[in-house]
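Engineer: Return atomic coordinates for the entry below.
(chains A and B)
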Protein chains: 2
Amino acid sequence: MATINAIEAIIRTGNLPVNVKFLIEGEEEIGSPNLGKFIANNKDLLACDFALNPDTGLLGKDLPTITYALRGLAYFEIRVFGPDHDLHSGIFGGIVHNPAQALCELIAGMHDEQGRIMLPGYYDKVRPIDEEERADLARLVMDEEFYLKQTGAPAIWGEAGYSPVERTGARPTLEVNGILSGFSGEGSKTVLPAWAMAKISMRLVPDQDPEDVYKQLQLYMKNNAPNTIRYEIIKMVGSPATISDRDSSGVKALDQAMEAVWGKRPVFKREGGSVPVVGMFQEILGVESVNCGFSLPDDNFHSPNEKLNLPTWYRGIDTLIHFFFNLKNE
Amino acid sequence: MATINAIEAIIRTGNLPVNVKFLIEGEEEIGSPNLGKFIANNKDLLACDFALNPDTGLLGKDLPTITYALRGLAYFEIRVFGPDHDLHSGIFGGIVHNPAQALCELIAGMHDEQGRIMLPGYYDKVRPIDEEERADLARLVMDEEFYLKQTGAPAIWGEAGYSPVERTGARPTLEVNGILSGFSGEGSKTVLPAWAMAKISMRLVPDQDPEDVYKQLQLYMKNNAPNTIRYEIIKMVGSPATISDRDSSGVKALDQAMEAVWGKRPVFKREGGSVPVVGMFQEILGVESVNCGFSLPDDNFHSPNEKLNLPTWYRGIDTLIHFFFNLKNE
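Structural biologist: Okay, the predicted model is just below:
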């Protein structure tokens, strides 16, 4: 373990033991639409031995965590059209398939009662969770009680046959991220709307392909949309899931760094979110990443009152100092 | 027939042959929440023999039309709550019942595949259409082709076993007037929303009671809402359907007035819209109404580019002159 000597070395020399290149992107939240091209055009500039990606978090203040897998993302907008203009629901109600109703019917059919996703072929390429990984995941603290507390939901829901931690990391999902039709202001308006729209996205796991998922959604709509409406599917974001080699030198360096700072070995987890750059580094540069940030589950990512816990943040700084020295010693 | 003599009489005397009281309300589009109280508090001021309500229209330029029945309205907002704040769909997707999805599932279950409404007991008090009325309605011009042209919808939809004109006038409906959840702007946002909302309204026919319908909706939600979400139902508007006596003196006076102006007898139809004041006049004042306005089906009520056809409007003026004289002669 490098521990105190490592920190002293930085203080003494004022230098990092390895060269560091920073790649800072501002499009991650919209699926990194331009990053792949930038990486492909700047391979020399970005050449490196290993990447550290700080866009994940810890399972708890006292639970150092390394994320070895990230889910991918496929994001779509579905637009349903009925009459060619908004109608009076009294005069025309009863003879037109309300597009908001039709969209609800289509969305309702996308899951069965077991929480399974009904797009044709959706699970065909999903890599099964092996028994060893199931056992590892079962040791994590993310049980029903944990998720009830984190979300405030009335009850836990999800795909039958899988534990909560498996559902959020190792199994694919389909979510309604938004829906809009007709009159949504205060009060009442008796409109029969001309159109309805939903944002639908899937979190993908290895080895699902976002292009396949697009075709599966198209096929689902073709099979299920009635002739009383028209529809469009707009493809917005697509990135595959990634999974890291847990025996790589970078993962080992981070593992030892966390043990030095927390006094215990980190846990290894899959992460439900998607970070397209990790897959792009693998594909375009042939560079592996280790994912490790220092946020906590109750930091309210992407939500009001987002925060950082400062004591954990300082432990993170110490961890990264150790990480760089460990990398040099590998 | 009063025809030319009637118009000459007004020109000659400058006076109407009957006394007219105007009641002008500005809340009809939101279900007339304050009108009932106003009528009850001003019975003497509003006392009259008969009411003419201009809030309906004609079936076509050459189809003088008297509306003898109006559908009622029950309007609700349903709010579905899941997690207690918006969540990151990657981190929490898979273990929470998405409230937008849950709302879609509930809305999808409100109709069966035959277009019938699945609220428990919804059809119990619906007055059947008798054979004579079915035959009358079948003679109207409102066939599938008419409705396809009026709405621009890809196909006609609705309750099996009933013709389009029956579905829009003599059968009750359930519409989604609006729905909103999560992110509905341009682009993508991977939110798992905390809540979803829909405006749901029913057009009612004799002898459905809006209070019964509220209870039926409550029971439907109780029977079908899963324990993975919470919900609220907000009751917004309720007014029963009305049906007029086709042999009343007011209806006869209008019948003859239309014949005088158009040179042919009017058709009698039910109207799918709701005009709460008609029911309030029946209930509170004991006064019957006849419903007759001079708009046309392609006037785009409640929609962009609403218009009036001026030649039809002038025929309407002539019709009302005859109507007042005919009333006096009854």
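Engineer: all contacts plus neighbour counts: C-alpha atoms, from now on.
Structural biologist: OK.
Engineer: tell me the SS of the closest residue to residue A:121 other than its chain neighbours?
Structural biologist: Excluding the flanking residues, the one nearest residue A:121 by Cα to Cα, 6 or more residues apart in numbering or on different chains is residue A:216, at 6.7 Å. What DSSP: H, G, I helix; E, B strand; the rest coil gives for residue A:216 is helix.
Engineer: any idea how far residue A:208 is from residue A:216?
Structural biologist: Distance of residue A:216 to residue A:208, computed by Cα to Cα, to the nearest Å: 11 Å.
Engineer: Look at those two and report which has more neighbours.
Structural biologist: When neighbours are counted by other Cα atoms under 10 Å in any protein chain shown, residue A:216 and residue A:208 differ, and residue A:208 comes out ahead with 23 against 17.
Engineer: give me the element the residue nearest the centre of chain A is part of.
Structural biologist: With distances taken as Cα atoms, centre = their mean, residue A:273 lies nearest the centre of chain A, 1.6 Å away. Using DSSP states H and E, residue A:273 sits in no helix or strand.
Engineer: Quick check on the closest residue to it other than its chain neighbours: phi, psi?
Structural biologist: Of all residues not flanking residue A:273 in the chain, residue B:90 sits nearest, at 3.7 Å (Cα to Cα, 6+ apart). Dihedral angles phi and psi of residue B:90 (degrees, to the nearest 10) take the values phi -80, psi -50.
Engineer: ok, residue B:90 touching residue A:71?
Structural biologist: Yes - counting by Cα atoms under 8 Å, residue B:90 does reach residue A:71; the two are 7.5 Å apart.
Engineer: before we move on, the earlier item: these two touch, right, the residue nearest to residue A:121 and residue A:124?
Structural biologist: No - between residue A:216 and residue A:124 there is no contact under Cα under 8 Å: 10.9 Å.
Engineer: list the contacts for the residue nearest to residue A:121?
Structural biologist: By Cα atoms under 8 Å, 6 or more residues apart in numbering or on different chains, the contact list for residue A:216 reads A:119-122.
Engineer: before we move on, the earlier item: check the gap between the residue nearest to residue A:273 and residue B:284 for me.
Structural biologist: As judged by Cα to Cα, residue B:90 and residue B:284 stand 58 Å apart.
Engineer: what's the answer for residue A:266, then?
Structural biologist: 76 Å.
Engineer: Just confirm yes or no for stretch A:92-104 near chain B.
Structural biologist: Yes - residues of stretch A:92-104 contacting chain B under Cα under 8 Å from any Cα of the partner chain: A:92-98, A:100-104.
Engineer: Span of that stretch from start to end?
Structural biologist: Stretch A:92-104 stretches 20 Å from its first residue to its last (Cα to Cα).
Engineer: Likewise for stretch A:278-295?
Structural biologist: With Cα to Cα applied, stretch A:278-295 spans 19 Å between its terminal residues.
Engineer: That one close to chain B?
Structural biologist: No - judged by Cα under 8 Å from any Cα, stretch A:278-295 makes no contact with chain B; its nearest approach is 12.6 Å.
Engineer: can you give me the mean pLDDT across that stretch?
Structural biologist: Average pLDDT, stretch A:278-295: 91.
Engineer: Also stretch A:55-73?
Structural biologist: Mean per-residue pLDDT for stretch A:55-73: 91.
Engineer: Could you find the closest non-adjacent residue to the residue lying farthest from the centre of chain A?
Structural biologist: Distance from the C-alpha centroid of chain A peaks at residue A:91, with 45.7 Å (Cα atoms, centre = their mean). Of all residues not flanking residue A:91 in the chain, residue B:272 sits nearest, at 4.7 Å (Cα to Cα, 6+ apart).
Engineer: Would you mind measuring from whichever residue of the stretch 201-330 of chain A sits closest to chain B to residue B:191?
Structural biologist: The nearest approach of the stretch 201-330 of chain A to chain B comes at residue A:273, 3.7 Å away (Cα to the nearest Cα). Between residue A:273 and residue B:191 the computed distance is 11 Å (Cα to Cα).
Engineer: Can you check which residues contact both of those two?
Structural biologist: Common contacts of residue A:273 and residue B:191 (Cα under 8 Å, 6+ apart): B:88-89.
Engineer: So residue A:174 sits against residue A:117, correct?
Structural biologist: Yes - counting by Cα under 8 Å, residue A:174 touches residue A:117, with 7.0 Å between them.
Engineer: Those two: who's more crowded?
Structural biologist: residue A:174 (26 against 19).
Engineer: Identify the residue spatially nearest to that one, adjacent ones excluded.
Structural biologist: Of all residues not flanking residue A:174 in the chain, residue A:202 sits nearest, at 4.3 Å (Cα to Cα, 6+ apart).
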